[in-house]
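Trainee: Pasting a predicted model and its sequence here:
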Amino acid sequence: MARHPTARAMIPTCAWFALSCITLTCRAEVVDATAPVRVTPDALASSEYESSPTFSSDGNEVYFFRADSGYRRYRLLTSRCVDGRWTPPVAPSFARADASEADPALSADGRWLYYVSARADPAGERLDIWRVQRKSGGAWGEPERLPEPVNSAASQLLPRPQPDGRLLFGSSRPGGMGQGDIYLATPGKDGAWTVENMGAPISTSANEYEAELSRDGRVLVTVANRGTTSHLYVYDRHGTTWRERGRVPARTDVFQVGPLLSPDGRRLLFSQADGAERSGEWFLSELEPRGDAGWPSRCGARNR
């Protein structure tokens with residue numbers, strides 16, 4: 001099976017790239033923040049790649065995906081905080097064991113969970129956006145594939161539902177500005193969707209394929225491959241325009257994916273490689289001072 005698009009062109013780079021990035025080659029300034037800290041709870045970590053967590057509003061439920069070392073298969077997993085500890089992760093009821101599925105995201109009210117799945121592609125490679133609704137008793141219903149133009153003949157990645165009902169995601173569909181772009185989908189009253197490219201400077205001639213937007217709509221983080229591997233870039237909204245703040249400080253020799261902003265937009269959770277025994281872990285970066293010290297979930301913090 002082909003690699004998940006979030007892993008394409010992200011092979012760890014050689015030492016000369018790291019050196020050139022430190023000197024003059026990188027396009028963006030590095031965000032003025034402390035170095036990221038690994039925060040994956042031990043109960044959720046493994047020798048594989050854990051990425052793209054999403055938490056319930058009370059912090060007692062988490063969904064994420066786990067990829068094998070070759071990025072050939074992606075599995076959705078969930079865990080609950082019970083007595084101050086995360087339970088062993090298991091596949092959610094709606095997950096398909098015979099298809100790659102990744103990038104879960106809970107809506108602000110917790111009633112919907114969006115994710116990507118290859119279940120509709122006979123070749124098992126194209127990732128479409130699906131969503132599933134939580135029933136009144138707490139169980140999940142049957143998942144549904146979102147219609148075109150949200151989905152396309154290309155893969156879609158990291159769907160992020162917004163408080164106003166819109167959906168942010170990345171796609172390599174034809175007609176974009178580069179290898180991949182960031183899109184915003186708006187649902188209509190008739191059930192139809194309209195999709196717009198976020199445009200410059202969010203989408204460029206490079207490969208932007210994941211994005212996260214703060215709840216107040218003022219901070220946006222993208223995953224972009226601007227040359228050799230992919231990194232995180234922060235943007236601030238000024239009126240109706242976006243301005244790039246800089247690159248999130250992280251390793252330059254490996255890629256970063258799965259950005260998740262804290263509700264106040266001051267903290268950023270993401271995944272990157274962390275040694276040979278743990279191929280992918282969650283890291284926390286302070287984008288601004290005085291961020292919410294209780295985020296992500298205190299349950300996870302007690303089990304680090």
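Mentor: Yes, it's here.

Trainee: In the stretch 101-250 of the chain, what residue spans correspond to strands?
Mentor: Secondary structure of the stretch 101-250 of the chain (DSSP state E, counting those that start in this stretch): strands at 101-106, 112-117, 128-133, 144-145, 156-161, 167-171, 181-187, 193-197, 207-213, 219-225, 230-238, 241-247.

Trainee: So residue 299 belongs to a helix, correct?
Mentor: Yes. Per DSSP: H, G, I helix; E, B strand; the rest coil, residue 299 lies within a helix segment.

Trainee: Correct me if wrong: it contacts residue 79.
Mentor: No. Counting by C-beta atoms under 8 Å, residue 79 is not a contact partner of residue 299; they are 9.2 Å apart. Yep, even glycine has a C-beta here, placed from its N, CA and C like the rest.

Trainee: so what sits against both of these two?
Mentor: Contact with both residue 299 and residue 79 is made by residues residue 86, according to C-beta atoms under 8 Å, 6 or more residues apart in numbering.

Trainee: Report pLDDT for the most centrally placed residue in the chain.
Mentor: Nearest to the mean C-alpha position of the chain, by C-alpha atoms, centre = their mean, lies residue 258 at 2.7 Å. On pLDDT, residue 258 comes in at 97.

Trainee: And it, which helix or strand is it part of?
Mentor: Taking DSSP states H and E as the definition, residue 258 sits inside strand 256-261.

Trainee: Tell me the strands beside that strand, with direction?
Mentor: The strands beside strand 256-261 in its sheet (DSSP bridges) come out as strand 267-274 (antiparallel).

Trainee: could I get the partner strand in PDB with only the CA atoms?
Mentor: Coordinates of each C-alpha in strand 267-274 appear next as PDB, following Å, rounded to 0.1, in the frame of the first residue of the first chain:
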ATOM      1  CA  ARG A 267      -0.200  26.100  23.100                       C
ATOM      2  CA  LEU A 268       0.400  23.700  20.200                       C
ATOM      3  CA  LEU A 269       0.400  19.900  20.200                       C
ATOM      4  CA  PHE A 270       2.000  18.100  17.300                       C
ATOM      5  CA  SER A 271       3.800  14.800  16.500                       C
ATOM      6  CA  GLN A 272       7.400  14.200  15.400                       C
ATOM      7  CA  ALA A 273       9.900  11.300  15.600                       C
ATOM      8  CA  ASP A 274      11.500  10.700  18.900                       C
END
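
Trainee: and the angle for it with strand 230-238?
Mentor: Put simply, strand 267-274 runs at 170 degrees to strand 230-238, going by axes from the mean of the first three to the mean of the last three C-alpha atoms, to 10 degrees.

Trainee: Quick check: buried residues in whichever helix or strand comes after strand 267-274?
Mentor: Going down the chain from strand 267-274, the next helix or strand is strand 278-286, by DSSP H and E. Across strand 278-286, burial judged by 16 or more other C-beta atoms under 10 Å covers 278, 279, 280, 281, 282, 283, 284, 285, 286.

Trainee: again, but for stretch 187-207
Mentor: Across stretch 187-207, burial judged by 16+ other C-beta under 10 Å covers 193, 195, 197, 198, 202, 203, 204, 206, 207.

Trainee: hang on, the fifth one packs against residue 209?
Mentor: No. Between residue 202 and residue 209 there is no contact under C-beta under 8 Å: 11.8 Å.

Trainee: Now for these two: what residues contact both?
Mentor: Here residue 202 and residue 209 have residue 182 as joint contacts, going by C-beta under 8 Å, 6+ apart.

Trainee: How about the contacts made by residue 146?
Mentor: 128, 129, 130, 131, 167, 193.
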